[in-house]
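Chemist: here is my input, please return the structure:
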Amino acid sequence: MKSEIKIYQRETMNKLLTKAGMNLVAAFVVAQFICVPAIAEVSKEVLDSISTPDRVETSISVLEFLDGAPLPSEKGPFVE
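Modeler: The predicted structure is shown next:
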């Protein structure tokens, strides 16, 4: 009787682990399709029109940027 219970428990555990494993595999497969990057073709002309230069000289100061974000300065961009 004890061996029958152990066999039943083992079979039940195997079914649960198999189901959990299949769910995990399915989740990874779905994640691969969700995480595929969008690929778009953008012309050089469009990229140049929306890009930020690394350095902009104005009449009162020179502003510097890194990837479109202003670089921090010790005095601020408009203090002489």
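Chemist: where in the chain is pLDDT low?
Modeler: Residues of the chain that meet the criterion pLDDT under 70 lie in 38, 74-80.
Chemist: for it, which helix is longest?
Modeler: helix 2-34 (DSSP state H).
Chemist: just checking, next helix/strand downstream of that helix?
Modeler: helix 44-50 (DSSP states H and E).
Chemist: what lies in contact with the next helix or strand after that following helix?
Modeler: For helix 44-50, the following helix or strand on the C-terminal side (DSSP H and E) is strand 55-57. Strand 55-57 has contacts (CB atoms under 8 Å, 6 or more residues apart in numbering) with Val62, Leu63, Glu64, Phe65. All C-beta atoms are positioned from the backbone trio N, CA, C, and that covers glycine.
Chemist: one more pass at 10 Å, please.
Modeler: Val62, Leu63, Glu64, Phe65, Pro70, Leu71, Pro77 (CB atoms under 10 Å, 6 or more residues apart in numbering).
Chemist: report the central residue of this structure.
Modeler: Cys35 (8.2 Å; CA atoms, centre = their mean).
Chemist: phi and psi next, for that residue.
Modeler: phi -90, psi 10 (degrees, to the nearest 10).
Chemist: what helices and strands are in contact with the longest strand seen in the chain?
Modeler: Ranked by residue count under DSSP state E, the longest strand found in the chain is strand 62-66. When contacts are defined as 3 or more CB pairs under 10 Å, 6 or more residues apart in numbering; DSSP states H and E, strand 62-66 sits against strand 55-57.
Chemist: right, and Ile50 touches Ser43 too?
Modeler: No: if you go by CB atoms under 10 Å, Ile50 and Ser43 don't touch, sitting 11.1 Å apart.
Chemist: can I see the domain layout of this protein?
Modeler: Residue ranges for the domains of the chain, per automatic domain parsing: 1-39, 42-80.
Chemist: and for the protein, the residue most distant from the center?
Modeler: Relative to the centre of the chain, and counting by CA atoms, centre = their mean, the farthest-placed residue is Met1 at 54.2 Å.
Chemist: mind listing what's buried in stretch 62-75?
Modeler: Leu63 (16 or more other CB atoms under 10 Å).
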